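1. turn this into a model:
(one chain, ligands or ions: 2)
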Amino acid sequence: MKALIYHGPGKKKLEEVPKPSLREAPDAVVRIIKTTICGTDLHILKGDVPTVAEGRILGHEGIGIIDETGTGVSRFGKGDRVLISCITACGKCEYCRRGMPSHCEQGGWILGNTIDGTQAEFVRVPFADTSLHPIPGSAEEDAMVMLSDILPTGYECGVLNGAVKPGDTVAIIGAGPVGLAALLTAQFYAPASIIVIDLDDNRLEAAKQLGATVVINSSNGKAVEKVMAMTGGKGVDVAMEAVGVAATFGICQEIVGAGGHIANIGVHGASVTLHLEKLWSQNITITTRLVDTVSTPLLLKSVMAGKLKPKQLITHHFALD
Ligand code: ZN
Ligand code: ZN
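-> Ligands and ions are numbered 1, 2, ... in the order given. Just a heads-up that it's a prediction; the model follows:
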């Protein structure tokens, strides 16, 4: 089969490799129909994620059709259409039982990290019963790919951790797919305004289409000034960091208002400066999270009901080659 292989920082190649086979009873082998590229893959290629060994097949998002199941799989059979969660969950360990499968003792984020991933024609998924979701018959396939990681990440790490409430002023720093997913799902809670900050006007235009109240291009270095002016000097209730670099986490610290939340979503490869000398008295909450994908069933229902339209995030289609 064809697969995209990581060969160390800055190096990747589409190669012919053996098709994966079942190894453990709870495994399934899935034939990939669609996959996508995540910001995390870019962090891997930058060398930010040392757990990814050379020779690894990249990718942790996608949908497919079950090709084979191990003897321990009871929920799925050959031919079933499935959504692959970016988080593999054994369903039995302490972390899984606590609703935190991101830290599953035998799973967590392993696809395209410590085991071969989804940017390939086939993938082996461990603990298939608790790591795959059935795709309803009438679902649009493109939209489903956004549920592997992008939407649950924006929702769980940004919106839920940021505790977005009705009437809040929310700022999202970074308008990539995950920032835009946070923008879409923040609207479940009717915040008063959502400010989206990015360096790219195309992405900001997309953010406007998807419900941003205000967009700010931060390339002139004036984003903080503008947000403070817009909020009468008070700052925002929720600042979501959706990039994963020190500069954007810095913006969050400067614009968060008293009593506010900084919700980190980004994958960070370098340390950031925490301005505790300013924030100690501000009653703020800083949260971090690796997505647990525990919200996937809820998001899937919202998509099927037409309340959430992730297909809007998709602009380009490519063959695997
Ligand atoms: Zn991802
Ligand atoms: Zn577990």
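
2. nearest spatial neighbour of the residue of the stretch 201-321 of the chain found nearest ligand 1, skipping sequence neighbours?
-> Of all residues in the stretch 201-321 of the chain, Val291 sits closest to ligand 1, at 8.4 Å by CB to the ion. In this view, the C-beta of every residue, glycine as well, is placed from N, C-alpha and C. Spatial nearest neighbour of Val291, excluding adjacent residues (CB to CB, 6 or more residues apart in numbering): Thr153 at 4.2 Å.

3. that neighbour touches Gly266, doesn't it?
-> No - using CB atoms under 8 Å, Thr153 makes no contact with Gly266, being 10.0 Å away.

4. re the thing from before, what helix or strand is the residue of the stretch 201-321 of the chain closest to ligand 1 on?
-> Secondary structure from DSSP states H and E places Val291 outside every helix and strand.

5. can I assume it is in contact with Ile87?
-> Yes - the criterion here is CB under 8 Å, and Val291 meets it with Ile87 at 6.4 Å.

6. between these two, which one's more packed in?
-> Comparing Val291 with Ile87 by other CB atoms under 10 Å, the one with more neighbours is Ile87, at 29 against 26.

7. give the contact list for the more buried one.
-> 101-102, 104, 107-109, 131, 290-293 (CB atoms under 8 Å, 6 or more residues apart in numbering).

8. find the closest residue to ligand 1 in the stretch 151-300 of the chain.
-> Thr153 (6.9 Å).

9. what secondary structure does that residue sit in?
-> With DSSP: H, G, I helix; E, B strand; the rest coil as the basis, Thr153 sits in helix.

10. what pLDDT does it get?
-> Looking at Thr153, its pLDDT reads 98.

11. how many neighbours does it have?
-> 29.

12. ditto for the one 3 residues further on
-> When neighbours are counted by other CB under 10 Å, Glu156 registers 24.

13. state the distance from it to ligand 2.
-> To ligand 2, Glu156 is 17 Å away according to CB to the ion, to the nearest Å.

14. who does the closest residue to Gly107 other than its chain neighbours bridge with?
-> On the basis of CB to CB, 6+ apart, the spatially nearest residue to Gly107 that is not a chain neighbour turns out to be Thr88, at 3.4 Å. Beta bridges link Thr88 to Gly108, judged by DSSP bridges.

15. wait, Asp80 touches Asp67, no?
-> No - taking CB under 8 Å as the definition, Asp80 is not a contact partner of Asp67, at 10.1 Å.
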